[in-house]
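**Student:** predicted model follows, preceded by the sequence.
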Amino acid sequence: MKLQCAEYLLDLSTPKVMGILNVTPDSFSDGGQFTNIDAAIAHAQQLIDDGADIIDIGGESTRPGATPVPLETELQRVIPVIQALAKCGVALSIDTYKPAVMQAAIKAGVHMVNDVFALQQPGAIEAVQDSAVGLCLMHMQGTPQTMQLQPQYQDVVQEVRQFLQQRVSQLSAAGIAKQRIAIDPGFGFGKKTQHNLTLLKQLAQIRFDNLPILAGLSRKSILGQLAGGDPSQRLYASLAASVLAVSHGANIVRVHDVKATVEALKVTAALLQKDEG
Ligand code: 9MG
């Protein structure tokens, strides 16, 4: 299985690690440590040295209850970082739902668009259509402002799968190749603990058309609910979650702690390898 991200053709025969680079003052997990451009670039270099295959750059937090930031602010945060990292040797992803940010980021050199709204904003499909960037389509019930108030499903796995299928159909109708698309159940985005656990246990069931699955559980509140600890104390729970996600079919995991995840996934991948003879 492969994922086309502009000039990068990611080989997903082994799991890949997407390192999180939050360029926000209100990020839930880094406390705004990387708002300064130089510090963000240095952190990206650390993620690369630690073995990240993709760096996911975000200028607006999408954690529950987060306030949207104006377009100009988001651009000022992410574009200089993308320009500085454009030739860093790993694929760069922009975490945004705003079509204008997607366009500017593609021009600045990103290889992937990670959209928690699955390209539903007006103009989002058009913003990526004529490029070759990879696309991550994520499921979310509601919006970051309201999503955790009252999440409700009859059958969470089927509803998430159907939503993602509809989005992929819409992209296909716009002429976007499936080799550019990854799907994501959106852990923690309009889901209660039980919904997240069901999705993790049945992750393989959301796959269709042999598309890669991206899973993001790193430091999320579901892990705090299960194991305790504030976000910065959730390393072990996050590692367990990434290992289980890959065991249940995830091809890419989105994480804060790249080095530890890379090591844990090397063991996981070796154990999942089919025996010869
Ligand atoms: C931006 N962001 C935060 N959590 C995420 C997740 O689980 N998946 C994706 N694709 N993006 C996320």
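**Tutor:** Looks like it arrived, so ask away.
**Student:** identify the residue spatially nearest to the residue of the stretch 101-250 of the chain found nearest the ligand, adjacent ones excluded.
**Tutor:** Among all residues of the stretch 101-250 of the chain, G216 sits closest to the ligand, at 2.3 Å; criterion: CB to the nearest ligand atom. (Each C-beta comes from the backbone N, C-alpha and C, glycine too.) In space, G216 comes closest to R254 once its chain neighbours are excluded; the distance is 3.8 Å by CB to CB, 6 or more residues apart in numbering.
**Student:** how about G190?
**Tutor:** Q141 is the one closest to G190 (CB to CB, 6+ apart), at 2.9 Å.
**Student:** now do L239
**Tutor:** Spatial nearest neighbour of L239, excluding adjacent residues (CB to CB, 6+ apart): A264 at 4.9 Å.
**Student:** got a list of contacts for the strand or helix carrying that neighbour?
**Tutor:** In the assignment (DSSP states H and E), A264 maps to helix 258-272. Contact with helix 258-272 is made by 14-15, 17, 19, 47, 50-52, 218, 235, 238-239, 242-243, 246-247, 253, 255, as judged by CB atoms under 8 Å, 6 or more residues apart in numbering.
**Student:** swap in stretch 128-138?
**Tutor:** Residues contacting stretch 128-138 (CB under 8 Å, 6+ apart): 3-8, 10, 91, 93, 102, 106, 110-119, 164, 167-168, 171, 174-176, 180-186, 189, 214.
**Student:** hmm, that stretch in reach of the ligand?
**Tutor:** Yes: interface with the ligand: stretch 128-138 contributes C136, M138 (CB under 6 Å from any ligand atom).
**Student:** next, the buried residues of that stretch.
**Tutor:** V128, S131, A132, V133, G134, L135, C136, L137, M138 (16 or more other CB atoms under 10 Å).
**Student:** out of the contacts of stretch 128-138, which are buried?
**Tutor:** 3-6, 8, 10, 91, 93, 102, 106, 110-119, 164, 167-168, 171, 176, 180-186, 189, 214.
**Student:** hey, where'd the strands end up in the stretch 151-277 of the chain?
**Tutor:** Counting by DSSP state E, counting those that start in this stretch, the stretch 151-277 of the chain has strands at residues 181-184, 214-215, 252-255.
**Student:** now render the ones you listed as CSV, adding mean pLDDT.
**Tutor:** Formatted as CSV, the strands of the stretch 151-277 of the chain follow (pLDDT from 0 to 100):
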stretch, mean pLDDT
strand 181-184, 98
strand 214-215, 98
strand 252-255, 98
